[in-house]
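# Provided below are the primary sequence and the corresponding predicted coordinates.
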Amino acid sequence: MNLYEAIFARKSVRSYTNETLSPQVLDKIREHFHELTGLFGGIDTAVSVLDNRKAQQKFLSLFSVRAPYYLAFYSEQAPRYLMNMGYLMEQMVLYLCSIGLGTCYIGSRRVRRELQEKDGKKLVGIIAFGKSKGPWTRKPSEANRLAMDELCVFKEVPRQWMKQLLEAARLAPSSMNSQPWRFVVYDNRIHIFSKKHSAEQLKKWDEVNFGIMFANLMVAAEEAWLDVDLIRLEDISQKNFPNNQYVLSAILKA
């Protein structure tokens with residue numbers, strides 16, 4: 001299974017065995033993170049593997065998901081650092097799925113103070129992972145997501161590869177399954193908006209959510225051998241939209 005296939009197969013796993021992963025596997029996980037390219041350059045990030053097999057990490061009992069291992073993601077605070085970290089976290093989740101491990105996004109709230117920072121970088125998010133007690137994959141049709149026509153406004157008839165990218169974006173996980181993204185689709189570009197909502201907690205995590213979605217979109221673009229530029233268009237950003245907020249545009253070249 002490659003990363004693109006993992007987009008359509010991965011499920012959130014909430015029940016794990018206590019099986020030990022070899023030091024070699026854990027080293028490969030750390031190495032894979034350091035090989036990733038962020039959505040925005042120049043933002044310093046780090047990852048830590050937390051071992052909970054003997055429940056020695058007492059703070060982990062506060063999480064809604066008990067797992068043998070956790071990945072803690074840290075970043076310096078810079079413009080769009082939350083979106084950048086969401087982009088990196090989703091790539092790690094897809095990688096873990098591709099090597100047969102279950103994963104689940106969990107919040108970073110109520111974590112003990114000594115884990116809230118690492119070398120001056122702030123804790124952004126945590127992923128539970130390990131060997132799943134049941135399947136760590138599912139059929140795409142089993143994903144609880146909005147239909148494509150609820151997320152997209154099609155200004156032109158999309159090509160097949162455009163549908164491929166949109167489907168990967170549609171399947172992206174989000175906090176509380178909020179699915180805040182909305183797409184205005186043309187032949188070779190997608191204007192991406194965030195749906196406005198009143199819940200402050202959802203607003204806080206929107207940047208992380210969008211980073212996750214952009215990771216899916218870019219993995220799909222690489223699978224289709226497409227060049228994609230994610231840029232912010234000033235003529236759109238200056239407009240006022242009553243129900244949505246402009247985020248970025250994806251300009252595609254076949």
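Everything's here; your move. It should be emphasised that the depicted structure is a prediction, and the values quoted were computed from it without experimental measurement.
# pLDDT below threshold where in the stretch 101-250 of the chain?
The stretch 101-250 of the chain contains residues with pLDDT under 70 at 108-111, 197-204.
# where along it do the strands fall?
In the stretch 101-250 of the chain, strands defined by DSSP state E, counting those that start in this stretch lie at 102-106, 117-118, 121-130, 152-154, 181-185, 189-195, 227-231, 244-253, listed in chain order.
# out of those, nearest to residue 4?
Between residue 4 and those, the tightest spacing by Cβ to Cβ is seen for strand 227-231, at 14.0 Å. No exception for glycine: its C-beta is placed from N, CA and C like everyone else's.
# Mind listing the strands the closest one pairs with, and their directions?
Paired strands of strand 227-231, with direction, are strand 244-253 (antiparallel) (DSSP bridges).
# which other residues reach the strand it pairs with?
Identification of contacts with strand 244-253 by Cβ atoms under 8 Å, 6 or more residues apart in numbering yields 161-162, 165, 181-182, 188-196, 210, 214, 217, 221, 226-233, 236-237, 239.
# Run through the helices of the chain in chain order.
3-9, 23-35, 81-98, 148-151, 160-170, 200-223, 234-237 (DSSP state H).
# can you put these in TSV and add distance to residue 74 and mean neighbour count?
As requested, the helices of the chain are arranged in TSV below (distance: least, Cβ to Cβ, whole Å; neighbours: other Cβ atoms under 10 Å):
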stretch	distance to residue 74	mean neighbour count
helix 3-9	23	20
helix 23-35	11	12
helix 81-98	8	24
helix 148-151	31	13
helix 160-170	26	19
helix 200-223	14	21
helix 234-237	30	10
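# Dump the ones you listed to TSV, plus distance to residue 66.
Conversion of the helices of the chain to TSV gives the following (distance: least, Cβ to Cβ, whole Å):
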stretch	distance to residue 66
helix 3-9	23
helix 23-35	19
helix 81-98	17
helix 148-151	33
helix 160-170	30
helix 200-223	22
helix 234-237	43
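# Minimum distance to residue 47: which of the ones you listed has it?
Per Cβ to Cβ, nearest to residue 47 of the helices of the chain: helix 23-35, 4.6 Å.
# Tell me which residues are up against the closest one.
By Cβ under 8 Å, 6+ apart, helix 23-35 touches 47, 49, 69, 71, 88, 92, 95-96, 99.
# From the chain's centre, how far out is that helix? Work that out for me.
18 Å (Cα atoms, centre = their mean, to the nearest Å).
# Over to stretch 112-131?
On Cα atoms, centre = their mean, the centre of stretch 112-131 falls 16 Å from that of its chain.
# repeat for stretch 76-86
13 Å.
# gap between the two ends of that stretch?
This stretch, stretch 76-86, spans 14 Å end to end (Cα to Cα, to the nearest Å).
# Now do it, average pLDDT.
What stretch 76-86 shows for mean pLDDT is 95.
# nearest to residue 21, of the strands of the stretch 101-250 of the chain?
That would be strand 121-130 among the strands of the stretch 101-250 of the chain, by Cβ to Cβ, at 7.0 Å.
# Identify the residues contacting the most centrally placed residue in the chain.
Centroid-nearest residue in the chain, with Cα atoms, centre = their mean: residue 212, separated by 2.5 Å. For residue 212, the contact set (Cβ under 8 Å, 6+ apart) comprises 86-87, 89-90, 172-174.
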